[in-house]
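Novice: using only what follows, build the 3D model:
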Amino acid sequence: MDIDTQAQKKSFKQGLKGKVIWKAGNLMPSPDAPSRGVTGTPVIREIYVYELTSSKQAETNEEGIFYKNIQTKLIKKVKSDKKGNFCVGLAPGYYSVFVKEDKGLYANLFDDAMNLNPIHITQGKWEKQDLEINYQAVY
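Specialist: This next block holds a predicted model:
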């Protein structure tokens, strides 16, 4: 755990922690490799935490993969370490989490209300969520 992570955990009683993982290439199971067990590669990235954001509150780029012009408030920005680990202290509530890539902000999960990569932070609890960057992977 790096110094920033320790400081976040000391100053907040709850928040989000996890790992940023890069996945790319052919990850399809096949008879020759039924279970590839691909875990991905930990990467250093900036993680952006916004107020809960629906798909209607952000624009996508021409490829429809990356987000820009997010209309909700940016709450915090942190960076993962060389092992992909990150930790961000947050007040209890609902948030959307994005990973910064060259072409924009990336989020690949939605809930049933089309909120982008939603997380719920509960009082006194550290939620664990790994962030997969898999737009160059084939499943």
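Novice: quick one: low-confidence parts of this structure?
Specialist: 1-10, 27, 29-38, 139 (pLDDT under 70).
Novice: let's see it at 80
Specialist: 1-12, 25-39, 137-139 (pLDDT under 80).
Novice: tell me where it has helices.
Specialist: 3-11 (DSSP state H).
Novice: which residues in it form strands?
Specialist: 15-26, 41-42, 46-51, 59-60, 66-68, 74-79, 85-89, 93-101, 104-106, 118-121, 126-128, 131-138 (DSSP state E).
Novice: residues of the last one that come out buried?
Specialist: Within strand 131-138, the residues scored as buried using 16 or more other C-beta atoms under 10 Å are 131-134, 137. In this view, the C-beta of every residue, glycine as well, is placed from N, C-alpha and C.
Novice: just the fifth one next, same as before
Specialist: Of the residues in strand 66-68, 66-67 count as buried by neighbour count, 16+ other C-beta under 10 Å.
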